[in-house]
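Chemist: below: sequence and its predicted model.
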Amino acid sequence: MSSSLTGKLKAFVFGSPNGLKVYQSLKTADVPVTSAECRSCAHPCDQDHDDFSNRLDIDMDSDMLGSVKPYRRQVIISTGKTDWEHEVTEAEGTLAALLTAANSSLGPSKKPKPTDPLPSGLFSHTKAGRLAILNGSHKTFSHDESEETVIVLPDFMVVSGVPRTLAGAEALWKAAIDPALGHAEVTTQTNDLNTWVLPYSCLILLCSHKRRDKRCAVAAPILEKTFHQYLEREGWEVHTDLHDLTSEPSLESQTSSTTAKEQLIETQLRSLYAEHRALILKNSHVGGHKFAGNCIIYTPRGAGVWYGRVTPHEVESIVKHTIIDGQVLPTIFRGGVDLTCRGKKTLYDW
């Protein structure tokens, strides 16, 4: 190891006893990782950052690595809100609750057996069976207000026109959530639901669920503002609501062949990074409120990076190193899905 790299490693692991261990673990697993410091400002801060961690009880001592429960798919349901009932999947009449019921009745009874386990904190969505159901701050773009717009991850897809009924939840499950579906098959075959590729270079999710824990509710709006600021400095376009896609052709309207659809989806996904357009959404409980602020970043390739203890001090580094350069910052890393990229340099590479 060169002396310059050794110096960088010493710098970024300062104050983080597990930083070097996480870096080496990720490197060994072929995860694009950086030795850059996660904090870009001086200590004490010289950039007037609003450091909410000074007034909140944040767990700065526990090991965050491995604190993410593996999932096969994660869905973000439109609500137009930033706070929700304490348990969103138990709120009667909501799509989150109805989808939970649909998943219980339609989902596989046996969980997939883990094979070729990755290091702690890393998982492949194809080896997991859980469905993670979240509410999101985005508004539905269906003309009928009783229909929701759902983001499906890590597929980086959008499904619109989902009725807030058990039948609607079951239709969504069969069209986009069934574990038997591959990437190109996450498209609907009915006239009622429509599917598009999520048209952003990255998706940033910020937990804001106050009725679960006020810490994330305090952190999320401050982080949203800071991400917006640093992304625009880098010349990126930033949205805080999902762009209405109804004026654009859905995947179903363009082709019916699975092979052609797969090629179309991959072509669209590959082109997104060059757009330099980010979507920031607030979401319901993801676990780990004690590690607020909690942030998840998805790339079009389907890589999902979970960060914890994020404050405005870390945002510039996250923007530069993870969102732009496609590399993981080890010292704030909680875990991630589909991060292994053998022979690739970034989380955007195919």
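Modeler: Arrived safely, thanks for sending.
Chemist: look at the residue lying closest to Tyr298 once chain neighbours are set aside and give its secondary structure.
Modeler: Spatial nearest neighbour of Tyr298, excluding adjacent residues (C-beta to C-beta, 6 or more residues apart in numbering): Leu203 at 4.4 Å. Where you see a C-beta, it was placed from the backbone N, CA and C, and this is true even at glycine. The three-state assignment at Leu203 reads strand, by DSSP: H, G, I helix; E, B strand; the rest coil.
Chemist: dump the residue contacts of Leu203.
Modeler: Residues in contact with Leu203, defined by C-beta atoms under 8 Å, 6 or more residues apart in numbering, are Ile151, Leu153, Phe156, Ala278, Leu279, Leu281, Ile297, Tyr298.
Chemist: nearest to Arg270 among those residues?
Modeler: Phe156 (11.3 Å; C-beta to C-beta).
Chemist: neighbour count added to the contacts of Leu203, as CSV?
Modeler: Output for the contacts of Leu203, formatted as CSV (neighbours: other C-beta atoms under 10 Å):
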residue, neighbour count
Ile151, 25
Leu153, 22
Phe156, 26
Ala278, 23
Leu279, 22
Leu281, 24
Ile297, 23
Tyr298, 26
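Chemist: those: which two are farthest apart?
Modeler: Using C-beta to C-beta, the contacts of Leu203 span at most 15.2 Å, a distance reached by Leu153 and Ala278.
Chemist: gap between stretch 243-263 and the chain center?
Modeler: Here the centre of stretch 243-263 is set off from its chain's centre by 23 Å, with C-alpha atoms, centre = their mean, to the nearest Å.
Chemist: rounded mean pLDDT for that stretch, please.
Modeler: The pLDDT scores in stretch 243-263 average 87.
Chemist: now do the end-to-end distance for it.
Modeler: In stretch 243-263, first residue to last residue: 23 Å (C-alpha to C-alpha, to the nearest Å).
Chemist: swap in stretch 327-345?
Modeler: 8 Å.
Chemist: in that stretch, what counts as buried?
Modeler: 327-341 (16 or more other C-beta atoms under 10 Å).
Chemist: what of stretch 121-136?
Modeler: Per 16+ other C-beta under 10 Å, stretch 121-136 contains these buried residues: 121-125, 128-136.
Chemist: who's in contact with Asp61?
Modeler: Taking C-beta under 8 Å, 6+ apart, one finds nothing in contact with Asp61.
Chemist: where along the stretch 1-150 of the chain do the helices fall?
Modeler: 3-13, 19-28, 95-106 (DSSP state H, counting those that start in this stretch).
Chemist: could you tell me the least trusted of those?
Modeler: helix 3-13 - the lowest mean pLDDT of the helices of the stretch 1-150 of the chain, at a mean of 41.
Chemist: now, which of the buried residues of stretch 121-136 sits nearest Thr89?
Modeler: Ile133 (5.5 Å).
Chemist: ok, now how distant is that closest one from Gly326?
Modeler: Using C-beta to C-beta, to the nearest Å, Ile133 is found at 28 Å from Gly326.
Chemist: go on, Gly93?
Modeler: Counting by C-beta to C-beta, the gap from Gly93 to Gly326 is 40 Å.
Chemist: the two: which is more packed in?
Modeler: Using other C-beta atoms under 10 Å, the more surrounded residue of Gly93 and Gly326 is Gly326, with 23 against 9.
Chemist: so which strand or helix has the residue nearest to Leu193 when sequence neighbours are not counted?
Modeler: Closest residue in space to Leu193, ignoring its immediate chain neighbours: Gly161 at 5.1 Å, by C-beta to C-beta, 6+ apart. Applying DSSP states H and E as the criterion places Gly161 in strand 157-163.
Chemist: extract the CA atoms of the helix or strand immediately after that strand in the chain and return them as CSV.
Modeler: Next helix or strand after strand 157-163 toward the C-terminus (DSSP H and E): helix 166-172. Taking C-alpha atoms only, helix 166-172 is exported to CSV below (Å, rounded to 0.1, in the frame of the first residue of the first chain):
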residue,chain,number,x,y,z
LEU,A,166,-56.9,-5.6,-2.3
ALA,A,167,-57.4,-6.5,-5.9
GLY,A,168,-55.1,-3.6,-6.9
ALA,A,169,-52.5,-4.7,-4.4
GLU,A,170,-52.7,-8.2,-5.8
ALA,A,171,-52.4,-6.9,-9.4
LEU,A,172,-49.3,-4.9,-8.4
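Chemist: so which elements touch helix 166-172?
Modeler: With contacts taken as 3 or more C-beta pairs under 8 Å, 6 or more residues apart in numbering; DSSP states H and E, helix 166-172 sits against helix 95-106, strand 157-163.
Chemist: picking that back up, export the buried residues of stretch 121-136 as JSON lines, with columns for distance to Cys45 and pLDDT.
Modeler: JSON lines is the format used below for those (distance: C-beta to C-beta, whole Å; pLDDT from 0 to 100):
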{"residue": "Gly121", "distance to Cys45": "28", "pLDDT": "92"}
{"residue": "Leu122", "distance to Cys45": "32", "pLDDT": "95"}
{"residue": "Phe123", "distance to Cys45": "34", "pLDDT": "95"}
{"residue": "Ser124", "distance to Cys45": "38", "pLDDT": "94"}
{"residue": "His125", "distance to Cys45": "37", "pLDDT": "93"}
{"residue": "Ala128", "distance to Cys45": "38", "pLDDT": "91"}
{"residue": "Gly129", "distance to Cys45": "43", "pLDDT": "88"}
{"residue": "Arg130", "distance to Cys45": "38", "pLDDT": "93"}
{"residue": "Leu131", "distance to Cys45": "40", "pLDDT": "96"}
{"residue": "Ala132", "distance to Cys45": "34", "pLDDT": "97"}
{"residue": "Ile133", "distance to Cys45": "37", "pLDDT": "98"}
{"residue": "Leu134", "distance to Cys45": "31", "pLDDT": "98"}
{"residue": "Asn135", "distance to Cys45": "33", "pLDDT": "98"}
{"residue": "Gly136", "distance to Cys45": "31", "pLDDT": "98"}
